[in-house]
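S.K.: Any chance you could fold what I've pasted below:
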Amino acid sequence: MLSRNDFPVLEFDDNPTAKLNPGSFGHEKFGTDKMVITFFPEVVNKLAAQGQIREERLMSGENPFMVYHFIEHPDVLLTLGQVGCPACGGNLDEFHAMGIEKVMFCGGGGVLDRNIAVGEILVVDGAIRDEGFSYQYIAPSRVIYTDPEVTGKIKNYLNGRSIPYLNGLTWTTDALFRETAQRISRRKEEGAKIVEMEQAGCIAVAQFRNFAYGALIYGGDDVSGEEWSGRGWNTREGIRHDLVMLCRELVEII
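M.R.: Now for the predicted structure:
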């Protein structure tokens, strides 16, 4: 039922059936229910060159992309995420329609506190919903939270292997070039540690479709100071490779 509001983005409709649904394209289901989504193309390219992953399926469309599987763990798929909630979250909804029930996401984000080091891992407990996509899946709220059972499994796994991490909220925004000083300060006050562009949408899809979803975001560029600092965040090949392989392990246990 559609709840009316003066602002269209806040008019939530809980009807699970739309005119176009993720299963409408008739894609063949995957032979597994586990997937890792990453934003590290150089890691995917290197794994392919080393023969550690193999092409599983080309997802056709206006912007085609490849899904791979790990050679030694063929029950785990790997693909590159698309930037922003509509692309990344929309693909996630379609992946679920193709049989995916367990997803681990890994990417990088801008830190709101300069004390968060480059490469420091954040286990995502939830996201501040400063975008529009998630409101089409889950009723309006300021924050959307990941499933505590899933995040609990992730944290237990990391603790058992003495892998250090932070936990907390991200700030999901649609507007890369509108991260103003006052908005950054406000989101930091609300508990966000990292800003990124996908988590609120992906968490919303997972809640709406009822499947397991977890995310690790590593500290990247710094948006907390007077001026933006890249900190060489996207050249940390070792960190990014290790994070993909860690998520490959985690998706087996969530």
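
S.K.: Quick one: the strands in this structure, in order.
M.R.: If DSSP state E is used as the criterion, the strands of the chain fall at 34-38, 53-59, 65-70, 76-80, 102-111, 121-130, 143-145, 166-173, 192-196, 212-222.

S.K.: Now render the ones you listed as JSON lines, adding distance to residue 206.
M.R.: (Each C-beta comes from the backbone N, C-alpha and C, glycine too.) Output for the strands of the chain, formatted as JSON lines (distance: least, C-beta to C-beta, whole Å):
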{"stretch": "strand 34-38", "distance to residue 206": "12"}
{"stretch": "strand 53-59", "distance to residue 206": "19"}
{"stretch": "strand 65-70", "distance to residue 206": "18"}
{"stretch": "strand 76-80", "distance to residue 206": "16"}
{"stretch": "strand 102-111", "distance to residue 206": "7"}
{"stretch": "strand 121-130", "distance to residue 206": "11"}
{"stretch": "strand 143-145", "distance to residue 206": "10"}
{"stretch": "strand 166-173", "distance to residue 206": "14"}
{"stretch": "strand 192-196", "distance to residue 206": "16"}
{"stretch": "strand 212-222", "distance to residue 206": "3"}
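
S.K.: which secondary structure elements does the helix or strand bottoming out on mean pLDDT in the chain contact?
M.R.: Across the helices and strands of the chain, mean pLDDT, DSSP states H and E gives its lowest value to strand 212-222, namely a mean of 85. Counting contacts by 3 or more C-beta pairs under 8 Å, 6 or more residues apart in numbering; DSSP states H and E, strand 212-222 packs against strand 102-111, strand 121-130, helix 148-160, strand 192-196, helix 199-209, helix 237-250.

S.K.: So what's the gap between it and the chain middle?
M.R.: Relative to the chain's own centre, strand 212-222 is displaced by 7 Å; criterion: C-alpha atoms, centre = their mean, to the nearest Å.

S.K.: by how many degrees do that strand and strand 166-173 diverge?
M.R.: Put simply, strand 212-222 runs at 80 degrees to strand 166-173, going by axes from the mean of the first three to the mean of the last three C-alpha atoms, to 10 degrees.

S.K.: let's number from 863 now, not from 1
M.R.: Got it, the first residue is 863 from now on, which makes the last one we talked about strand 1074-1084.

S.K.: okay, strand 1074-1084 in PDB with CA atoms only?
M.R.: Taking Å, rounded to 0.1, in the frame of the first residue of the first chain, the C-alpha atoms of strand 1074-1084 are listed here in PDB:
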ATOM      1  CA  ALA A1074      22.300 -12.300   4.000                       C
ATOM      2  CA  TYR A1075      24.400  -9.200   3.300                       C
ATOM      3  CA  GLY A1076      27.600  -8.000   4.900                       C
ATOM      4  CA  ALA A1077      30.100  -5.300   4.000                       C
ATOM      5  CA  LEU A1078      33.700  -4.300   4.700                       C
ATOM      6  CA  ILE A1079      34.800  -0.800   3.700                       C
ATOM      7  CA  TYR A1080      38.400   0.300   4.100                       C
ATOM      8  CA  GLY A1081      39.500   3.800   5.000                       C
ATOM      9  CA  GLY A1082      40.500   5.600   1.900                       C
ATOM     10  CA  ASP A1083      40.600   9.300   1.100                       C
ATOM     11  CA  ASP A1084      40.200  11.900   3.900                       C
END
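
S.K.: and it with helix 1061-1071, angle?
M.R.: Going by the same axes, to 10 degrees, strand 1074-1084 makes 180 degrees with helix 1061-1071.

S.K.: tell me the angle of strand 1074-1084 relative to strand 964-973?
M.R.: Using the same axes, to 10 degrees: strand 1074-1084 against strand 964-973 is 20 degrees.
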